[in-house]
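Peer 1: from the sequence below, what's the structure:
(one chain, ligands or ions: 2)
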Amino acid sequence: MLETPLTKIKLLNPEYPNKSTGIINGKSSGFLNWNDIAYPKMYDLYQTLLSNFWKAQEINMQDDIKQWESLSEQEKDVFLRINTQLASLDSLQTPTMSQVMDYVTDSSFKAIFAVISQQEAVHNESYSYILSSLVSIDEQNERFNQAKSDPIVRKRNQLILEAYEEFRQHPTPQRLFKLGVNSINLEGIYFYSGFAFFYHLARQQKMLKTSTMISYIQRDEMQHAYFIAQFIRILLTENPELHTEENSKYVYQTIHEAVVLEKEWAHFILADIKGIDLHEFDRYLEYLANKRLRQIGLKNLYEERINPMPWIQVFSDEMMNDTKSDFFEQKSRTYSKVSQSNGFDEL
Ligand code: ZN
Ligand code: ZN
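Peer 2: Ligands and ions are numbered 1, 2, ... in the order given. Predicted coordinates:
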């Protein structure tokens, strides 16, 4: 059962109801009526994702273009390395979220995976947009080659890639579960050294337009990690044979591995950046990992602590209040913020 291949779902099964009987191996017509779905909360989540809609071109890069030359060579180097490394993560996530749709039998979940896939494409484009504003195409190509060959980046990506490729080649419920856990690492752990760097610049009033874009990306990624955690919980509840001691261990072990790899990357890429305390950042990653585990319904793996780097959490109320107003001037009125009305406790 765990390793029984999942077959690609037929587009239409008119003999079945619209409301699916399961997120995998369920009976579902293939039609989606949001008023008749198995998990009505998914409609709220879908709405939240849509209300976050943004696109790169809405942010005018002129200020950052002017400021770019005043950055130190080292800041520029880290900026470009992180930019391409984050783009590589979004490049993996766009097709993966689309592929899952072929095997998920609940149309409401498919629709959410479609939105996530679309948002990853926007993120990917936004990194290209930032790059094209600041450096030549030759330098961009060089930086992407650097990201492809960097041994630390490769090692980190390998963990995720293995799970994704296994599902891609031989989709089974067990492999879908593993894909979900690795997606949480990608969405909820791996982006954060990069986010920390851009917010660190922003705290010094540097490259604020880039940071604005990064903050929108972070908000999306938080919602994605939350959704995938919910997806895993429902998958385990509906398929108790997946709900094993061994799979719980897999979650703890895989999230721990991602934390170790992210720490290693942070200590490499942020080593010479003054003002980011790497010891504190390690604790921040553990804080994040605990949060991801609780979202899945598991216990903390690391010591419980309050957020040691609250300035990375841009979309919390406290941060919104003491952020310089120009930081979010472009969209502060029209974009919804994650708040009690549209957010979730464990975001
Ligand atoms: Zn993304
Ligand atoms: Zn994402």
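
Peer 1: so how far does stretch 30-43 reach from one end to the other?
Peer 2: Length of stretch 30-43, first residue to last, CA to CA, to the nearest Å: 17 Å.

Peer 1: can you list contacts of that stretch?
Peer 2: Residues outside stretch 30-43 that contact it (CB atoms under 8 Å, 6 or more residues apart in numbering): 9-13, 16, 18-21, 23, 46, 106-112, 230, 234. Heads up, the C-betas are built off the backbone N, CA and C, glycines and all.

Peer 1: tell me the mean pLDDT for it?
Peer 2: For stretch 30-43, mean pLDDT is 96.

Peer 1: any buried residues in that stretch, and which?
Peer 2: 30, 32, 37-39, 42 (16 or more other CB atoms under 10 Å).

Peer 1: from those residues, which is closest to ligand 1?
Peer 2: For those, the residue nearest ligand 1 by CB to the ion is M42; the value is 19.8 Å.

Peer 1: can you list the residues of this structure near ligand 2?
Peer 2: Within the chain, the positions near ligand 2 by CB under 5 Å from the ion are 187, 221, 224.

Peer 1: possible to save the residues you listed as a markdown table with secondary structure, pLDDT and neighbour count?
Peer 2: Output for the residues of the chain next to ligand 2, formatted as a markdown table (DSSP: H, G, I helix; E, B strand; the rest coil; pLDDT from 0 to 100; neighbours: other CB atoms under 10 Å):
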| residue | secondary structure | pLDDT | neighbour count |
| --- | --- | --- | --- |
| E187 | helix | 95 | 24 |
| E221 | helix | 94 | 25 |
| H224 | helix | 96 | 24 |
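
Peer 1: save the residues you listed as a markdown table, and put in distance to E257 too.
Peer 2: Converted to a markdown table, the residues of the chain next to ligand 2 look like this (distance: CB to CB, whole Å):
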| residue | distance to E257 |
| --- | --- |
| E187 | 16 |
| E221 | 19 |
| H224 | 20 |
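
Peer 1: buried ones only from the contacts of stretch 30-43, please, as a PyMOL command.
Peer 2: PyMOL command restricting the contacts of stretch 30-43 to the buried ones, with burial defined by 16+ other CB under 10 Å:
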select buried, resi 9+16+19+20+23+46+106+107+108+109+110+111+112+230+234
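
Peer 1: where does pLDDT dip in the stretch 151-300 of the chain?
Peer 2: Within the stretch 151-300 of the chain, no stretch has pLDDT under 70.

Peer 1: and R219, how far is that from F191?
Peer 2: 12 Å (CB to CB, to the nearest Å).

Peer 1: tell me the buried residues in the strand or helix carrying K249?
Peer 2: Assessed by DSSP states H and E, K249 sits inside helix 245-269. Buried residues in helix 245-269, counting neighbours by 16+ other CB under 10 Å, are found at 247-248, 251-252, 254-255, 258-259, 261-263, 265-266, 269.

Peer 1: then stretch 226-242?
Peer 2: 226-236, 238-239, 242.

Peer 1: and that stretch with ligand 1, contact?
Peer 2: No - Stretch 226-242 does not reach ligand 1 (CB under 5 Å from the ion); its nearest approach is 12.2 Å.
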